[in-house]
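Colleague: sequence unknown, structure follows:
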């Protein structure tokens, strides 16, 4: 008989209910081809009851149960949560020292980082929390633009939906694609989303100071994205030399004029992919990429997926049906 793999889910005060429920459902409903369950799921914590932001939750097992786990999953906690209890952090460190697989969902990465278990590793979390994670834990190599990262023993995922991707990835690693695909079907979830896929977020550039000389230039750029804009033309619009314009632009926005222009064009393309049925050639022209080939290459470089895949995920069926791409 196959050995049952124990999955312990660490429940702390102000745990995010969805983050907690996802591994319970996914691992708890997984079945092998002969119908047997390969996982035993246990909810563990330092207190017999924890508060979420909406209700209280009973915790059947203490943190000592982490010592018997093969995998420990750390869900995210809400902004109201205080520091993780010392006994929980110590239990995570002990688990790591035994070689236990550790995984976090969304901002659960902060708990792993607090325990020192992400130092020197690549890690991800929800894109909105990534700058905070990087600032608070400078030894962590934060990657905000992927769905999940598998370092072998330690794994991290982005938002709550990416936590589901991560759980399916672990099942596939443990028991193969067929078992993982069956688990995905039970979750009404596609299996093919890979960890390196982007979170589909193009981060906004920091706002320039109010009254800055760049404000009218940036507005003009946004209005002329479909044109073949050059650094010389943008600098002239701002009444500066190219060198002065580039220096002030970086000082006030944190990036170069051409990189800012690329991001603006990608944002425009995202909007068109989401809200229109325009073909790729038309969108490439409207966003100023010049050619469909250049559009596909640069869009994928920034967003992490193809325009067609992005449209498939985010185009509303209530809008105009997308044209062939």
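Modeller: Cool, the structure landed. Everything quoted here is computed from the prediction, not taken from an experiment.
Colleague: mind giving me the domain ranges of the chain?
Modeller: 5-186, 214-314 (automatic domain parsing).
Colleague: burial of residue 297, as a residue count?
Modeller: By the measure other C-beta atoms under 10 Å, the count of residues near residue 297 is 12. Placement of C-beta: from N, CA and C, glycine included.
Colleague: for residue 131, same thing?
Modeller: 12.
Colleague: can you pull out the low-pLDDT segments for this protein?
Modeller: 1-2, 187-211, 313-325 (pLDDT under 70).
Colleague: show me the helices in the stretch 101-250 of the chain, by range?
Modeller: Taking DSSP state H, counting those that start in this stretch as the test, the helices found in the stretch 101-250 of the chain are 109-114, 130-136, 160-175, 177-186, 214-223, 231-237, 242-253.
Colleague: which elements pack onto the last one?
Modeller: When contacts are defined as 3 or more C-beta pairs under 8 Å, 6 or more residues apart in numbering; DSSP states H and E, helix 242-253 packs onto helix 214-223, helix 231-237, helix 257-275.
Colleague: what's the closest of those to residue 4?
Modeller: Closest to residue 4 of the helices and strands packed on helix 242-253 is helix 257-275 (C-beta to C-beta; 44.0 Å).
Colleague: just the helices and strands packed on helix 242-253: most buried one?
Modeller: Of all these, helix 257-275 carries the top mean neighbour count, a mean of 19, counting by mean count of other C-beta atoms under 10 Å.
Colleague: any idea of the angle that one forms with helix 242-253?
Modeller: On the basis of axes from the mean of the first three to the mean of the last three C-alpha atoms, to 10 degrees, helix 257-275 is oriented at 60 degrees to helix 242-253.
Colleague: how far does helix 257-275 sit from the chain's center?
Modeller: Centroid separation between helix 257-275 and its chain, computed with C-alpha atoms, centre = their mean, to the nearest Å, is 20 Å.
Colleague: quick check: next helix or strand after it?
Modeller: Next along the chain after helix 257-275, taking DSSP states H and E as the criterion, comes helix 280-287.
Colleague: next secondary structure after that following helix?
Modeller: By DSSP H and E, the next helix or strand past helix 280-287 is helix 292-303.
Colleague: which other helices and strands contact the next helix or strand after that next one?
Modeller: With elements assigned by DSSP H and E, the helix or strand that comes after helix 292-303 is helix 307-314. For helix 307-314, the packing partners by 3+ C-beta pairs under 8 Å, 6+ apart come out as helix 257-275, helix 280-287, helix 292-303.
Colleague: re earlier: tabulate the helices of the stretch 101-250 of the chain (a markdown table), appending distance to residue 282.
Modeller: Listed next are the helices of the stretch 101-250 of the chain as a markdown table, based on distance: least, C-beta to C-beta, whole Å:
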| stretch | distance to residue 282 |
| --- | --- |
| helix 109-114 | 40 |
| helix 130-136 | 33 |
| helix 160-175 | 30 |
| helix 177-186 | 35 |
| helix 214-223 | 18 |
| helix 231-237 | 24 |
| helix 242-253 | 29 |
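Colleague: what are the contacting residues of stretch 131-144?
Modeller: Residues outside stretch 131-144 that contact it (C-beta atoms under 8 Å, 6 or more residues apart in numbering): 107, 109-110, 113, 118-125, 127, 130, 149, 158, 199, 201, 203.
Colleague: my read: residue 289 touches residue 269, true?
Modeller: Yes. At 7.5 Å, residue 289 counts as touching residue 269 under the criterion of C-beta atoms under 8 Å.
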